[in-house]
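Enquirer: please work out how this folds:
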Amino acid sequence: MAKFTLIYNGTLIDGNGGHPVTDGAVLLEDNRIAAVGPLASIQIPDGAERIDAEGGTILPGLIDAHVHMMFEVRKLEAQLADPFSLQFYYAEQYMRRTLDAGITTVRDAGGTDLGVKTAVERGLIEGPRMQISITPLTITGGHGDSWTASGVDLTTPSYPGSPSGVCDGVEQVRQKVREILRSGADIIKVHATGGVLSPTDHPEFTQFSYDELRVMVEEAKFRRGLKVMAHAQGAEGIKNAVRAGIHSIEHGIYLDEEAIQLMLEHGTYLVPTLLAPLSVIEQAEATGSMPEYGVKKARESFEAHRDSIARAYRAGVKIAMGTDAGVMPHGTNLRELGLMCDIGMTPMESIVATTKVAAECMGWLDKVGTLEVGKLADVVVARTNVIEDIRSLENTNNIALVVKDGNVVKDILSTSAKAQADREDEQAQLV
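Expert: So this is what the prediction gives:
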């Protein structure tokens, strides 16, 4: 027998970018959306469970298109002292915090293997729905190869299900893509440039040739019908990636006008991760947990990053929300929306980037990203008017309800309602 759940008494934002609907509601039937719109337009089945949004904002499940669920930056000595398998238990906390922030779907940009994704799918642990890239591809000495000048190699060790991503030359690249596909990747991730938190390169350094990038795209597309995402920060590396047919550019710190025009021509998505360099700087100042070389590069790139994303936005490049969570604490992801508004996006545009456009980027718009009949029942209720105060989403206490795939995974609304009812019962007994 079908289970119906009505979420009502809130301002409805369906993810499509239209005007919010006052006195909106969503009707769920098991794990699908059965109806959505003004409450008066919805026929409510007898016996439906009712969840009062208490005047908050009803949203689609939110999406972060660039996370690293298997790690969170800590001081190096702490990381080196931990047993290898401990990372999997930490990841359970990271996934819980991600759900608590209202993020029900993520694209993992490296580090999470098929076993972790499967554990979530089988209900062994709670976490967001995932696309995984498993291991990013990198050149010897590039971003992702954490060999240091002392000769100590800090690169994450490979293990069954998570092969090394280091490869050089077209044929090595071809083989490495096949290994990662064999391991269960949903998307291929490549480091097309250097980066901020790698010890021996710079964001503007170009990695991989056009031919090497092109073979990644061909192997992913023709063998599995999958796409490639590129960590790409310097302009030349970005342009190489776009010309090679790569689906999304991650970070985009040093975009030039030619790169922006190429992205428009190719329909390439941009995942800005504005929060990443800011978090490197903040954590360095607060905890000293960031290496000095990374802090230096973050400070150098911070304003250029904001300027690049602002110019891309004004030009009409498709922007999907992504944070690089793991570089900053998991659960703080929604700070990215305020940063997107700082570079010129409206609050509604930042929400659409975190719902509809992110789902498009992942190829999952048929099932998530908007509140529409037939889609998976991923729904979030925020206590606040998020259009008036987009930064209110940064406080996870303002995320009052999270439903993923029809299952309530966070519910402050019912808890507060029960507490109020208990107080009223106690007062009545005293009288």
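Enquirer: what about the strands in the stretch 151-300 of the chain?
Expert: 188-191, 228-232, 248-251, 269-271 (DSSP state E, counting those that start in this stretch).
Enquirer: okay, those strands, which one's buried deepest?
Expert: strand 228-232 (a mean of 31; mean count of other CB atoms under 10 Å). No exception for glycine: its C-beta is placed from N, CA and C like everyone else's.
Enquirer: adding distance to residue 135 and mean pLDDT, write the strands of the stretch 151-300 of the chain out as TSV.
Expert: Below are the strands of the stretch 151-300 of the chain laid out as TSV (distance: least, CB to CB, whole Å; pLDDT from 0 to 100):
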stretch	distance to residue 135	mean pLDDT
strand 188-191	8	98
strand 228-232	13	98
strand 248-251	15	98
strand 269-271	19	98
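Enquirer: how about CSV for those, with distance to residue 112 added?
Expert: Output for the strands of the stretch 151-300 of the chain, formatted as CSV (distance: least, CB to CB, whole Å):
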stretch, distance to residue 112
strand 188-191, 11
strand 228-232, 14
strand 248-251, 16
strand 269-271, 17
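Enquirer: out of those, flag the one nearest residue 219.
Expert: Across the strands of the stretch 151-300 of the chain, residue 219 has its closest neighbour in strand 188-191 (7.8 Å, CB to CB).
Enquirer: and for that closest one, what are the contacting residues?
Expert: 109-110, 133, 135-139, 142-144, 177, 180-181, 207-208, 213, 216, 219-220, 226-231, 241, 246 (CB atoms under 8 Å, 6 or more residues apart in numbering).
Enquirer: of those residues, which belong to helices?
Expert: 177, 180-181, 213, 216, 219-220, 241 (DSSP state H).
Enquirer: I'd like to know which of these are buried.
Expert: Buried members of those, scored by 16 or more other CB atoms under 10 Å, are 177, 180-181, 213, 216, 219-220, 241.
Enquirer: re earlier: nearest to residue 170, out of the strands of the stretch 151-300 of the chain?
Expert: Per CB to CB, nearest to residue 170 of the strands of the stretch 151-300 of the chain: strand 188-191, 13.4 Å.
Enquirer: now the closest one - C-alpha only, CSV.
Expert: C-alpha atoms of strand 188-191 as CSV (Å, rounded to 0.1, in the frame of the first residue of the first chain):
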residue,chain,number,x,y,z
ILE,A,188,36.3,10.4,-15.0
LYS,A,189,38.1,13.2,-13.2
VAL,A,190,41.3,14.7,-14.5
HIS,A,191,43.7,17.3,-13.2
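Enquirer: helix/strand/coil for the residue nearest to the spatial centre of the chain?
Expert: Residue closest to the average C-alpha location in the chain (CA atoms, centre = their mean): residue 64, at 1.9 Å. Secondary structure assignment for residue 64 (DSSP: H, G, I helix; E, B strand; the rest coil): strand.
Enquirer: just checking, residue 75 touches residue 286?
Expert: No - taking contacts as CB atoms under 8 Å, residue 75 lies outside contact range of residue 286: 11.9 Å.
Enquirer: how close does residue 271 sit to residue 300?
Expert: 21 Å (CB to CB, to the nearest Å).
Enquirer: sorry, slip of the keys, the one I care about is residue 322.
Expert: From residue 322 to residue 300 the distance is 21 Å (CB to CB).
Enquirer: list the contacts for the nearest residue to residue 352 once chain neighbours are set aside?
Expert: Nearest residue to residue 352 in three dimensions, chain neighbours excluded: residue 17, at 4.7 Å (CB to CB, 6 or more residues apart in numbering). Residue 17 sits next to 348-349, 352, 356 when contact means CB under 8 Å, 6+ apart.
Enquirer: which one of the residues you listed has the most neighbours?
Expert: residue 352 (25 neighbours; other CB atoms under 10 Å).
Enquirer: next, it: secondary structure please.
Expert: Note that with three-state DSSP, the state of residue 352 is helix.
Enquirer: quick check: it touching residue 15?
Expert: Yes - counting by CB under 8 Å, residue 352 does reach residue 15; the two are 6.3 Å apart.
Enquirer: so where do the helices sit in the protein?
Expert: Under DSSP H, the chain gives helices at 76-81, 86-100, 114-121, 170-182, 210-224, 235-243, 257-266, 275-287, 292-315, 335-342, 347-353, 356-362, 412-430.
Enquirer: quick one: low-confidence parts of the stretch 101-250 of the chain?
Expert: 149, 152-154 (pLDDT under 70).
Enquirer: repeat that for 50
Expert: For the stretch 101-250 of the chain, no stretch has pLDDT under 50.
Enquirer: list the contacts of residue 266.
Expert: Contacts of residue 266 (CB under 8 Å, 6+ apart): 242-243, 245.
Enquirer: check what pLDDT it gets.
Expert: The score at residue 266 is 98. That number is its pLDDT.
Enquirer: repeat that for residue 332.
Expert: So, for residue 332, pLDDT stands at 98.
Enquirer: cool, residue 429 as well?
Expert: pLDDT, read off for residue 429, is 51.
Enquirer: swap in residue 282?
Expert: Taking residue 282 on its own, its pLDDT is 88.
Enquirer: neighbours of it, how many?
Expert: Neighbours of residue 282 using other CB under 10 Å come to 14.
Enquirer: excluding its backbone neighbours, what's nearest it?
Expert: That would be residue 328: by CB to CB, 6+ apart, it lies 7.9 Å from residue 282.
Enquirer: OK, contacts around that neighbour?
Expert: Residue 328 neighbours (CB under 8 Å, 6+ apart): 73, 275-276, 279, 282-283, 335.
Enquirer: can you list those residues in JSON lines and add distance to residue 115?
Expert: Formatted as JSON lines, the contacts of residue 328 follow (distance: CB to CB, whole Å):
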{"residue": "73", "distance to residue 115": "23"}
{"residue": "275", "distance to residue 115": "28"}
{"residue": "276", "distance to residue 115": "26"}
{"residue": "279", "distance to residue 115": "28"}
{"residue": "282", "distance to residue 115": "32"}
{"residue": "283", "distance to residue 115": "29"}
{"residue": "335", "distance to residue 115": "30"}
